[in-house]
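K.L.:
just need the structure, nothing else, for what follows:
(chains A, B, C and D)
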There are 2 protein chains.
Amino acid sequence: MRRQRSTIRDVARRAGVSVTTVSHTFSGNGVVNPATQARVRAAATALGYHPDVVASGLRRSRLGVIGLVLRPAVGVEPQHIQDVDYFPRFAGAAALTSLGQGYALMLVADPAVPHAPTTAWACDGIIVTDPVDRDPLIAALRAGGMPYTLVGADPADPDDPHVIDIATALITDRVLDHLAASGATRIALVVGTDAIEWNEATVRRYRERTPPAAQHVRHVPERSEHEEGAVAADELLALPEPPDGVYCLTSDHARALVDRLVERGVRVPEDVRVVCGSDADSLRSVAPAITAVDLQPQALGRQAAAALLTQLEPDLALAVPPPEHGALIVRTSTGG
Amino acid sequence: MRRQRSTIRDVARRAGVSVTTVSHTFSGNGVVNPATQARVRAAATALGYHPDVVASGLRRSRLGVIGLVLRPAVGVEPQHIQDVDYFPRFAGAAALTSLGQGYALMLVADPAVPHAPTTAWACDGIIVTDPVDRDPLIAALRAGGMPYTLVGADPADPDDPHVIDIATALITDRVLDHLAASGATRIALVVGTDAIEWNEATVRRYRERTPPAAQHVRHVPERSEHEEGAVAADELLALPEPPDGVYCLTSDHARALVDRLVERGVRVPEDVRVVCGSDADSLRSVAPAITAVDLQPQALGRQAAAALLTQLEPDLALAVPPPEHGALIVRTSTGG
DNA sequence: CTGAAAGCGCTTACAG
DNA sequence: CTGAAAGCGCTTACAG
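P.N.:
The predicted structure is shown next:
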């Protein structure tokens, strides 16, 4: 299956030098007479030679590859993940930042899941988005001595220094303030069930800020049918004192929730104001359009890649602007 | 920089066996007594051992990595490429298809550009989107014996068997038919300058179908300022017989073009009908919303990955549904 | 400035 | 069923 290519040996033979000289010529290490270099390069060109990155990676312990584990991607149907706006944008920005520093960006399967292809270990460092509570992957990365950067913290280890802040508490404050300013007095929270910072820290902050009697938290699995959002809407309306504001983290469920509210004659935003925690195409084009948090996936992707690259090569001194956390895109669902 | 991990030797020593036995245990090759296997696995676990994919890749000539070259990405500012909807969706779908077969998807820089990191060669095969005329990258891939799949053909080599069809002529027909059905009688074409199939085959088909006197083709560089679309609009209006229909391939320029038309008092779609060749967020949310071709990036991404995987492993027999080429999303700009 | 040689961590005939 | 040994293509002290 491998392309049979010419090797450093072939080039050395053709140029009449040793493999050392060929290696030096291409790596820039050592000193090689310019005339000799020219002979070597000519031979290489004639043979269509490229240094084998894999062999070189084996010797130098540096591949020039950054791995990206997109947590929810594993085992999810393609149509699911790609409807989500967040991940493609995050990955795109991380890829371009990496390429700019001479690194490729490799999308890998979670190496901690059973039977995962071990390719995940063929990189110089790994970005994980998002780590879960007591994340076995992080433990494995540490055990293997693999450099990593996390987007959002493992809830069980908030002080890991290799975390890109996703500012969940700050964002929660902004959303709850905005809902209140739009006239909401009883705000319900609809969150996912993945044990990630985004879910857990949102709930924590919500409980800190909301009088116990007014608290209502509904959990909806991230990868459930969209209709679960509608079911959540029904339940909220059935409460003794239904909420007049809802903060729903995921976009699919927010959409189904609003659809159901409208279907049942509830006016949005007059009767119930709704904010979604993650902006997406689909929130813009529905009626009423839904106010959402701009999570700034591209800024986060750039940040994460820069942080990991700096870990790998401390001299890089990459300057990337931090994301502007908590920016709200106000739409009809909160009177915008 | 490399994580110092335990090696197959360490495991062999601890388990009291040879490295051969350890290798056989993990690779599934050869036959190993179950009891011995258990000892080996126990030792491996205790040491936190993972087979080194790079070393194994070097020996076996198989890495489990598919490369993806996104042509326009090179040298482009991050904010540019990520505004484009096409590439993230394509890459996402290709990644998931690959992961499903145990391959990682690596985003690599164009290995044909000078000083490109050679990482691009650290994969088992490469997907190129989109090849340019007389593409030096394809020549390099062939010379290196690297399996590849192209999305769209090299205009100079339409018969390469490793091409995923992007059906440019068919799409052009659909668009021109739709514009005519919406009332357009003189249709201008606004295309990019990259020497890719999409641009060239669109022009060719347009010229085949349009009476010479009614032809008007305007080239706008893909990576020019958005305002170039406005300039194109001005030029079209300045023609002796201005068009009453425009087919503009790229979304940024289509948007600027429509904005300028409206600004100058031209009614869209009553006076001029406009179709964009590539759907994007931005076309949906403007007024008037712009009719566009759904290029089906996800379907193409799946197709391309499946084709390459099948080349690498003929036994795979991956069944992926082909994209439904030429689907139009009709919006206000053509009376939808 | 150039080269012979060891070794990165694995796989794979081959011999026992 | 198990092991000793060669070798994948490169890099890097080290000696000349």
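
K.L.:
how much space between the residue of the stretch 151-300 of chain A found nearest DNA strand C and A:Leu312?
P.N.:
Residue nearest to DNA strand C within the stretch 151-300 of chain A: A:His162 (23.7 Å; Cβ to the nearest atom of the strand). Bear in mind the C-beta positions are built from the backbone N, C-alpha and C, glycine included. Counting by Cβ to Cβ, to the nearest Å, the gap from A:His162 to A:Leu312 is 12 Å.

K.L.:
if I look at those two, which residues touch both of them?
P.N.:
A:Pro147 (Cβ atoms under 8 Å, 6 or more residues apart in numbering or on different chains).

K.L.:
and the next element down the chain from the helix or strand bottoming out on mean pLDDT in chain A?
P.N.:
Of all helical and strand segments in chain A, the minimum by mean pLDDT, DSSP states H and E falls on helix A:78-83, at a mean of 44. Counting by DSSP states H and E, the next helix or strand C-terminal to helix A:78-83 is helix A:86-100.

K.L.:
picking up where we left off before, ok, the residue of the stretch 151-300 of chain A closest to DNA strand C - how many residues close by?
P.N.:
The number of residues packed near A:His162 is 18, by other Cβ atoms under 10 Å in any protein chain shown.

K.L.:
and it, what does it touch?
P.N.:
A:147-150, A:307, A:311.

K.L.:
so which of these are in helices?
P.N.:
Among the contacts of A:His162, the members falling in helices (DSSP state H) are A:307, A:311.

K.L.:
ok, so of the contacts of A:His162, who is nearest DNA strand D?
P.N.:
The closest of the contacts of A:His162 to DNA strand D turns out to be A:Pro147 (Cβ to the nearest atom of the strand; 18.5 Å).

K.L.:
state the number of residues packed around the closest one.
P.N.:
A:Pro147, neighbours per other Cβ under 10 Å, totals 18.

K.L.:
surely it and A:Leu308 touch.
P.N.:
Yes - counting by Cβ atoms under 8 Å, A:Leu308 is a contact partner of A:Pro147 at 6.6 Å.

K.L.:
overlap of the contact sets of the two?
P.N.:
What both A:Pro147 and A:Leu308 touch, as defined by Cβ under 8 Å, 6+ apart, is the set A:125-126.

K.L.:
and the residue most central in space within chain A, what's its pLDDT?
P.N.:
By Cα atoms, centre = their mean, the mean C-alpha position of chain A lies nearest to A:Thr129, the distance being 4.2 Å. Per-residue pLDDT puts A:Thr129 at 89.

K.L.:
tell me how far the nearest residue to it once chain neighbours are set aside lies from A:Leu70.
P.N.:
Distances taken as Cβ to Cβ, 6 or more residues apart in numbering or on different chains place A:Val151 nearest to A:Thr129, at 3.8 Å, with adjacent residues excluded. Using Cβ to Cβ, A:Val151 is found at 10 Å from A:Leu70.

K.L.:
any common contacting residues for these two?
P.N.:
A:90, A:129.

K.L.:
thinking again about what came up before, am I right that the residue nearest to the centre of chain A is in contact with A:Ala304?
P.N.:
Yes - with contact defined as Cβ under 8 Å, A:Thr129 reaches A:Ala304; the gap is 7.2 Å.

K.L.:
where does chain A come near DNA strand C, residue by residue?
P.N.:
Within chain A, the positions lying close to DNA strand C (Cβ under 7 Å from any atom of the strand) are A:16-21, A:24, A:30-33, A:35-36, A:55, A:58-59.

K.L.:
in the stretch 151-300 of chain A, which spans are helices?
P.N.:
Remark: helices of the stretch 151-300 of chain A, listed N- to C-terminal, are A:168-181, A:197-209, A:227-238, A:251-263, A:281-285, A:297-312; assignment by DSSP state H, counting those that start in this stretch.

K.L.:
please confirm that A:Val128 is located within a helix.
P.N.:
No - if the criterion is DSSP: H, G, I helix; E, B strand; the rest coil, then A:Val128 is strand and not within a helix.

K.L.:
list buried residues within the residues of chain A next to DNA strand C.
P.N.:
Neighbour counting over these (16 or more other Cβ atoms under 10 Å in any protein chain shown) leaves A:17, A:21, A:24, A:32, A:36, A:55, A:58 as the buried ones.

K.L.:
intersection of neighbour lists for A:Thr129 and A:Ala304?
P.N.:
Contacts common to A:Thr129 and A:Ala304, judged by Cβ under 8 Å, 6+ apart, are A:90, A:151.

K.L.:
leaving out the residues flanking it, which one is nearest to A:Leu105?
P.N.:
A:Ala95 (4.0 Å).

K.L.:
was I right about that neighbour contacting A:Tyr103?
P.N.:
No - using Cβ under 8 Å, A:Ala95 is not in contact with A:Tyr103, being 9.3 Å away.
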